[in-house]
Structures are given as structure tokens and as C-alpha cells.
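J.: Give me the fold of what follows.
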Amino acid sequence: MELLLLMLSAHFIANFYLQPANDKHSNTKHIKPMQLWLHFLVHTLLYITVFLFSELSLFSATISIAIISLSYIISVYLKFYRANKLRYFLLEQSIQLLIITIVWAYFSHVTLDQTIIFIAQFLTAKNMVIAMSYLLVCKPASVIISLALKTHTDNLAQAVTMPIKHSTAEINEDIAAKTTVTIIKKDSLEQLGHSAAKDKNANIGLLSAGAWIGYIERCLAISFIFMGQFAGIGFLVATKTIFRFGDLTKNKDMKLTEYMMLGTLLSYAIALFVGWNALQIYQAM
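T.: Model (predicted):
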């Protein structure tokens with residue numbers, strides 16, 4: 001196990017601290033060949049240092065270093081050609097960690113029975129209760145909150161999109177010093193459209209950010225419950241209130257304020273309900 005931890009440490013150091021930077025003077029994402037091979041050498045030397053502390057034979061250590069270094073340099077090379085997206089990054093890291101684990105298991109003579117026993121230690125009923133609670137406070141909780149606030153959401157959306165009619169008065173003075181007042185009533189749809197579009201662009205939030213904020217805050221809330229740190233929930237509520245306070249006071253909209261309060265209270269109520277009951281079931285097992 002010590003060898004695996006050392007190999008993982010070498011992986012993270014090479015992958016994040018010794019990674020080659022892009023050529024700043026180039027308009028492409030391609031890495032220079034010399035820079036690529038230099039990084040390959042540094043990565044190999046790092047793993048040689050790791051295997052010096054292992055009890056593997058010279059042949060086993062050489063094969064391990066060759067496999068890991070080759071897979072790593074291929075991933076670094078492909079990194080500069082793929083799209084810079086989270087799913088590709090997670091896939092690349094998962095493949096590298098899997099290769100490192102397989103190499104360690106093979107040369108450390110880890111049997112299939114030992115692997116099954118190791119995995120079975122995590123697939124216990126208690127751990128499944130914890131995992132299920134995190135699943136419940138994410139997507140199912142969002143659906144419940146969305147359905148519970150649907151009426152209020154529709155009312156707010158209707159209030160925002162409703163066209164506004166108003167009257168304007170123009171005062172004209174004629175030659176005889178007589179004053180006539182002409183009342184002009186019209187729908188300011190065009191001006192309203194430009195104004196609404198401008199306000200919408202100014203106040204628009206990040207795409208799906210609200211859903212992710214809800215996921216994270218509920219997961220953190222039940223995590224504090226499992227750790228017995230209930231003060232952490234108060235910290236979350238205070239933090240969200242501080243950041244929302246400016247937006248709510250700026251808009252001066254009572255409906256929006258009450259809507260946000262309802263959503264926040266529902267979110268934390270679900271997290272507390274799921275977390276507390278999961279903790280009780282966990283302790284009863």
C-alpha cells in the first residue's frame with residue numbers, strides 16, 4: 001500500500017506541478033517536441049525515485065516505469081489536441097489512475113480475492129445509507145423544490161414578461177398663449193423590449209448555477225450533520241444570506257425576496273430531514 005501511495009503522489013506531482021506550459025508565442029495549443037520529451041524524462045526520473053523505495057525487482061520496476069511513463073506522455077500529448085472540458089479531464093485522470101492501480105496490483109501480487117475483499121469493505125449497508133442520502137439531496141430534492149415553488153415561479157415569470165402600458169402628457173403652447181394638453185396613450189412595447197433585454201443581460205446569472213449551488217449546499221449540510229458539526233449549517237446559511245442580501249435589497253422586490261427565502265428554507269429543510277434520518281439509521285445498524 002505504501003508503494004501505491006508513493007505512485008499516486010508522483011502522479012499528482014507530475015500531472016499538476018511539473019506539467020509543461022503551452023507555448024505563449026504560438027497561436028496553437030501544440031506543445032514543442034523538445035519540451036514534451038524533456039517532461040517525459042522528468043516524469044521518468046520521478047518514478048525511478050519512487051521505485052527506489054520499493055521492494056520490486058529491477059525488471060518489475062523497469063516495466064512499471066515504462067508502462068506508466070508511456071501512458072502519461074501519451075495523455076499529455078493528446079491533452080493539447082482535445083477540447084478543454086471537465087469530462088475529458090476526468091476521463092483522462094481516471095484512465096491514468098486505473099493504469100497506476102493495475103500496475104501496482106500486478107507487480108505487488110494482489111490477488112483477485114484480496115481485491116474483492118477490499119471492495120466489499122466499502123460496499124457495506126452503512127456506507128450505502130450515506131451514499132443514498134447524498135443522492136436524495138441532489139436531484140430528487142431539486143425536483144421537489146421546483147414542484148413546490150412552481151406556482152410562485154409562474155407568477156414571477158408572468159410579472160416579468162407582462163407588457164407595461166403607460167400615458168404621457170405633452171403640453172403645447174399656441175400663439176394666443178392658450179395651453180392645450182394632449183394625452184397620448186400608447187404601448188411602449190418597443191422601448192420596453194430594449195429596456196427588458198438590457199436589464200436581463202445585466203442581471204442574468206450563470207447557466208445552471210442555481211441548481212449546482214443547491215446541490216453543493218445540501219451536500220455540505222448533510223456532511224456537517226454526519227460529522228456532528230451543526231454550527232457549519234449556520235455558517236452556510238449566513239454565507240448565502242450575505243451574498244443574496246445585496247441582490248434582494250437592490251431589487252426591492254418583496255415577491256422575489258419571499259421566493260428566495262422559501263427556496264432556501266425548503267432546501268435546508270430537506271437536507272436536515274434526510275441527513276438526520278440517515279444518521280439515525282446509520283447509528284442503529
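J.: And this protein, split by domain according to the record?
T.: Residue ranges of the domains in the chain are recorded as 2-121, 134-194+206-284, according to automatic domain parsing.
J.: Could you tell me the least trusted of these?
T.: In terms of mean pLDDT, the lowest-scoring of those is domain 134-194+206-284 (a mean of 73).
J.: and the end-to-end length of it?
T.: Using Cα to Cα, to the nearest Å, one end of domain 134-194+206-284 lies 19 Å from the other.
J.: Stretch 110-128 too?
T.: End-to-end for stretch 110-128, by Cα to Cα: 26 Å.
J.: And for stretch 221-238?
T.: Stretch 221-238 has an end-to-end distance of 13 Å (Cα to Cα).
J.: Also stretch 71-86?
T.: Separation of the first and last residues of stretch 71-86 by Cα to Cα is 20 Å.
J.: Please identify the buried residues of the host helix or strand of Phe89?
T.: Using DSSP states H and E, Phe89 sits in helix 86-107. Buried residues in helix 86-107, counting neighbours by 16 or more other Cβ atoms under 10 Å, are found at Glu92, Gln96, Ile99, Ile100, Val103, Trp104, Ala105, Phe107. In this view, the C-beta of every residue, glycine as well, is placed from N, C-alpha and C.
J.: same for that helix, what does it pack against?
T.: Counting contacts by 3 or more Cβ pairs under 8 Å, 6 or more residues apart in numbering; DSSP states H and E, the secondary-structure elements packed against helix 86-107 are helix 2-12, helix 58-79.
J.: by how many degrees do the shortest one and helix 58-79 diverge?
T.: Here the directions of helix 2-12 and helix 58-79 differ by 30 degrees (axes from the mean of the first three to the mean of the last three Cα atoms, to 10 degrees).
J.: separation between the residue nearest the centre of the chain and Ile225?
T.: The C-alpha lying nearest the average C-alpha coordinate of the chain belongs to Trp212 (Cα atoms, centre = their mean; 6.4 Å). Trp212 sits 21 Å away from Ile225, taking Cβ to Cβ, to the nearest Å as the criterion.
J.: what comes up buried for the longest helix seen in the chain?
T.: For the chain, the helix that runs over the most residues, judged by DSSP state H, is helix 254-284. By neighbour count, with 16+ other Cβ under 10 Å as the criterion, the buried positions of helix 254-284 are 256-257, 259-260, 263-264, 266-268, 270-272, 274-275, 278-279, 282.
J.: Distance from that helix to the middle of the chain?
T.: A distance of 20 Å separates the centroid of the chain from that of helix 254-284, by Cα atoms, centre = their mean, to the nearest Å.
J.: How about stretch 4-14?
T.: Chain-centre distance of stretch 4-14: 25 Å, with Cα atoms, centre = their mean.
J.: List the buried residues for it?
T.: Buried positions in stretch 4-14, judged by neighbour count with 16+ other Cβ under 10 Å: Leu6, Met7, Ala10, His11, Ala14.
J.: who touches the third one in this structure?
T.: Counting by Cβ atoms under 8 Å, 6 or more residues apart in numbering, Ala10 makes contact with Leu46, Tyr47, Thr49, Val50.
J.: could you redo the last one with a cut-off of 10 Å?
T.: With contact taken as Cβ atoms under 10 Å, 6 or more residues apart in numbering, Ala10 is in contact with Leu18, His43, Leu46, Tyr47, Ile48, Thr49, Val50, Phe51, Ile68, Tyr72, Ile100.
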